[in-house]
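**Q** got a predicted structure plus its sequence, pasted below:
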Amino acid sequence: MSRVTEVWVGVATCGVAAGAELVYSTFESSLAKHNLPVTMKRVGCIGMCYNEPLVDVVTADENRFTYGHVCPEDVGRIVTEHVLNGRPVNELLIPADGFFEHQVRIVLENCGLIDPEVLEEYQGHDGYKALQRVLSEVTPVEVIEEIKLSGLRGRGGAGFPTGVKWDFAAREPGPEKFLVCNADEGDPGAFMDRSILEGDPHRVIEGMIIAAYAIGAPHGYIYVRAEYPMAIKRLNKAIAAAGRAGFLGENILGSAFSFEIKIKTGAGAFVCGEETALIASIEGKRGTPRRRPPYPAVSGLWGKPTNINNVETLANIPWIIRHGAKEFAHYGTEDSRGTKVFALAGKINHSGLIEVPMGMSINKIVFDIGGGLRENKEFKAVQIGGPSGGCIPARLADVPVDYKSITQTGAIMGSGGLIVLDEDTCMVDVTRFFLDFTQKESCGKCTFCRIGTKRMLETLTRICDGEGVPEDVDNLIELANKVRVYSLCGLGQTAPNPVLTTVKYFRNEYDAHIIDKSCPAHVCRALIHYEIDPSACKNCRLCTKQCPVQAISQGKGDHQEIDQSICIKCGQCYEVCPFGAIAIQ
Amino acid sequence: MPHSNSSITGMSNEVDELLHLFAPFPASVIPLLQEIQAHYGYISEANLTRVATYAHTPESTVYSVATFYSQFRLTRPGRYSIRICQGTACHVLGANSICEHLEEQLGVKVDETTGDGLFTLESVRCLGCCSLAPAMMIGDKIYGRLTRGKVDTIIGAYRNREEE
Ligand SMILES: Cc1cc2nc3c(=O)[nH]c(=O)nc-3n(C[C@H](O)[C@H](O)[C@H](O)COP(=O)(O)O)c2cc1C
Ligand code: SF4
Ligand code: SF4
Ligand code: FES
Ligand code: FES
């Protein structure tokens, strides 16, 4: 048995939320107590967020043993049995569950394996080698050709070919140009960019420097959402370290190329992820999109040529330069090369961050990687692409994940949010949820986006409240199509997608709400009520104690009873009943 | 807010220091507002005016920026802001009932502050921690896999800390 040399603890946002810092300090003191020469390391997100807090015990021969759900009480055992005596604590190790088997890690190659706050760690994994090569032996034109050849398309949602976009900006006259990294990640239910920035910030910075070199931009901005304090902190550290090492600043690595990066913190507006709104926001204004053309490549930040790329797009760049465009294009499909990072969440067992070759089917992602649905519930649909995306029903889940196939379903690839929905999810309610989001986030410039989303939301709310009328669905479709056509920016143009896809694939649920006045998933409160089954009730009165409005009392027999006129349908009795005696109707 | 004259001058000195962190031009409006909010928890009318003057931007423009972005508060918040996540993952895993429970326990609705000035309840769209849904954030700390019981324990701990 090889000696244990290192202990790694995952301290990305979700690891910390699960208690990783306490686990880290407990390890530290326990190792110190035994006087063990073991190096502690803080790493980013490996993707298995469902097993947090995660600890890796690494041996001299580079074997990695991963412990999951580690609590401070487990630390003593891991130290005495594994670190001290070389016997892994099997029952605390995470079982092999196929999570990594089908993944291909390009963007996430270092995430969870290196300390993101230490530049040398990134360099130890070939970090900044692509930059060194580019600056010493590749011309900007050749860089652009290489990226074009790789087939890389923008990962921020629209999927525009990255090399072509760089070419536009490169052709504009300088010297004042800007390169912006879009880290606004507004899709509610997605955390790809957060994890990349927290787990491997230097990779994004290296990608930015190479992009800036290719287009000839001396200035860079990272526009990052305010809700990501840890990502901001690590980026700041990484920029400072890269500057000290000569990767940023004047005459980078002795070349004629100079480049600086500033961070701009967003202020909570989804629409600022849109390129022209983002530019307005950096300029200190309200984030209102404007007409294109002129495109940012021609007239962007302060009227200068500007190239905007998503975090994940940029994180692909160093890998492509190091391995070559051909190697990259070898993954994926004809029109969608490479990999895509997805944030798997919702009713799925392995909720976390994954990277798969383009073209993998949704079924494979959900079942082989995601471990299927929680509590073995029935798979109903995936919501892909967030508020701009749509719902793909389980029966179509053989569809390969590539730009073309996903678009054909009526959804969009989006930036990588993948929310799994089960039989307990009401599709009308989910649609209402998204419209509530887009309606609030509309900047208000276009009439159809501003008022159309509001009317759609009102209609959906009415349907959920049991007051839908048969014309509602046709009206929704008509309105949706108008909003799509008459809106200026992507927000309004895609806001109808959740409506159109759910009407297309789940018309029966709309009909159930409107005609039968029932919610098949038992979610919409106006359409359900709770009842206690007298024969199953053991009269334990747990529900009675739980009920916040005292709606439950002794019935006429040996059982409890709900007074429907008092009940507010909070569902607490249903959750608390140990005998399953409470039913939703 | 009632302020004595001295505290107004004292405060404006402090604000001046914050203002000078950024160059006096319109592009500084958002970072200035962020800095002031980070310091005082909100942006008072007086400070909004100061930002406008300093950044050479009409007051109406600064106001329109401050009201466009959901991050900015124009009223004084409670000591702790509780930000309950209403993102997609949290929504499908029951964020609504957690939010209702919070409203019930605190006796306020979203965007309101408790009478004792301790908590402001706010909602956000995704904390980037969807694997731990439903989630909420108090200060810089995220709490995940929330249940009603867990919420009670967390809120209780903050209340106790206050009493000590
Ligand atoms: C309403 C709206 C929100 C957007 N939000 C984001 C975002 O959060 N992150 C992002 O990278 N792109 C976002 N985009 C897409 C960007 O406008 C832009 O296409 C992208 O940043 C370009 O980078 P890419 O070519 O590398 O994908 C959004 C677009 C719209 C219309
Ligand atoms: S489509 Fe909506 S968000 Fe976009 S510019 Fe028009 S009103 Fe604003
Ligand atoms: S659903 Fe809520 S209000 Fe109604 S009886 Fe059960 S606990 Fe009481
Ligand atoms: S944040 Fe820890 S594994 Fe994802
Ligand atoms: S949806 Fe709540 S943390 Fe992402």
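**A** On my side now, so go ahead. Ligands and ions are numbered 1, 2, ... in the order given.
**Q** the helices in chain B, which residues?
**A** Counting by DSSP state H, one finds helices in chain B at the ranges B:5-19, B:29-40, B:45-54, B:59-68, B:88-92, B:95-106, B:148-163.
**Q** show me the beta-bridge partners of residue A:56.
**A** residue A:8, residue A:66 (DSSP bridges).
**Q** pick out the residue of chain B closest to ligand 4.
**A** Among the residues of chain B, residue B:131 lies nearest to ligand 4; the distance is 6.3 Å by C-beta to the nearest ligand atom. Every C-beta, even on glycine, is put in place using the N, C-alpha and C of the backbone.
**Q** and the end-to-end length of stretch A:176-193?
**A** Taking C-alpha to C-alpha, to the nearest Å, stretch A:176-193 runs 28 Å from one end to the other.
**Q** do that stretch and ligand 4 come into contact?
**A** No. Figure legend: stretch A:176-193 not in contact with ligand 4 (C-beta under 6 Å from any ligand atom); closest approach 7.9 Å.
**Q** any residue of that stretch touching chain B?
**A** Yes. For stretch A:176-193 and chain B, the contact criterion (C-beta under 8 Å from any C-beta of the partner chain) is met by A:185, A:186, A:187, A:188, A:189, A:190, A:191.
**Q** tell me which two in those are the farthest apart.
**A** A:186 and A:191 (11.6 Å; C-beta to C-beta).
**Q** so between those two, which is more surrounded?
**A** residue A:191 (31 against 25; other C-beta atoms under 10 Å in any protein chain shown).
**Q** that one reaches residue A:353, doesn't it?
**A** Yes. Checked against C-beta atoms under 8 Å, the pair residue A:191 and residue A:353 is within contact range at 7.0 Å.
**Q** what do those two both touch?
**A** Common neighbours of residue A:191 and residue A:353, using C-beta atoms under 8 Å, 6 or more residues apart in numbering or on different chains, are residue A:343.
**Q** what's near enough to touch residue A:365?
**A** A:342, A:344, A:354, A:356, A:401, A:418.
**Q** need the pLDDT of the residue lying closest to residue A:229 once chain neighbours are set aside.
**A** Distances taken as C-beta to C-beta, 6 or more residues apart in numbering or on different chains put residue B:140 closest to residue A:229, at 5.7 Å, once the chain neighbours are dropped. We have a pLDDT of 81 for residue B:140.
**Q** what does stretch B:16-25 rub up against?
**A** With C-beta under 8 Å, 6+ apart as the criterion, stretch B:16-25 contacts B:28, B:31, B:32, B:35, B:36, B:39, B:50, B:51, B:54, B:55, B:56.
**Q** of these, grab the buried ones for ChimeraX.
**A** To isolate the buried ones among the contacts of stretch B:16-25 in ChimeraX, judged by 16 or more other C-beta atoms under 10 Å in any protein chain shown, type:
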select /B:28,31,32,35,36,50,51,54,55
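**Q** near chain A, from the contacts of stretch B:16-25?
**A** Answer for the contacts of stretch B:16-25 near chain A (C-beta under 8 Å from any C-beta): B:28, B:31, B:55.
**Q** quick one, what contacts the first one?
**A** Applying C-beta under 8 Å, 6+ apart, we find residue B:28 in contact with A:284, B:22, B:54, B:55.
**Q** closest one to ligand 1 out of those, please.
**A** For these, the nearest to ligand 1 is residue A:284 (19.3 Å; C-beta to the nearest ligand atom).
**Q** find the residue at the geometric middle of chain A.
**A** By C-alpha atoms, centre = their mean, chain A has its centre lying nearest to residue A:190, at 2.2 Å.
**Q** roughly how far apart are the residue lying closest to that residue once chain neighbours are set aside and residue B:126?
**A** Nearest residue to residue A:190 in three dimensions, chain neighbours excluded: residue A:417, at 3.4 Å (C-beta to C-beta, 6+ apart). Using C-beta to C-beta, to the nearest Å, residue A:417 is found at 9 Å from residue B:126.
**Q** pretty sure residue A:162 sits against residue A:309.
**A** Yes. Counting by C-beta under 8 Å, residue A:309 is a contact partner of residue A:162 at 6.7 Å.
**Q** how far away is the nearest residue to residue A:537 once chain neighbours are set aside from residue A:568?
**A** Leaving aside its sequence neighbours, residue A:537 sits nearest to residue A:559 (C-beta to C-beta, 6+ apart; 3.7 Å). Residue A:559 sits 21 Å away from residue A:568, going by C-beta to C-beta.
**Q** those two - which one has more neighbours?
**A** residue A:559 (17 against 12).
**Q** next, the contact list for that one, please.
**A** Residue A:559 neighbours (C-beta under 8 Å, 6+ apart): A:532, A:534, A:537, A:539, A:581.
**Q** what are the phi and psi angles of it?
**A** Main-chain dihedrals, residue A:559, degrees, to the nearest 10: phi -150, psi 170.
**Q** any residues of the stretch 401-550 of chain A in contact with ligand 3? List them.
**A** Checking the stretch 401-550 of chain A against ligand 3 by C-beta under 6 Å from any ligand atom, the hits are A:530, A:546, A:547, A:549.
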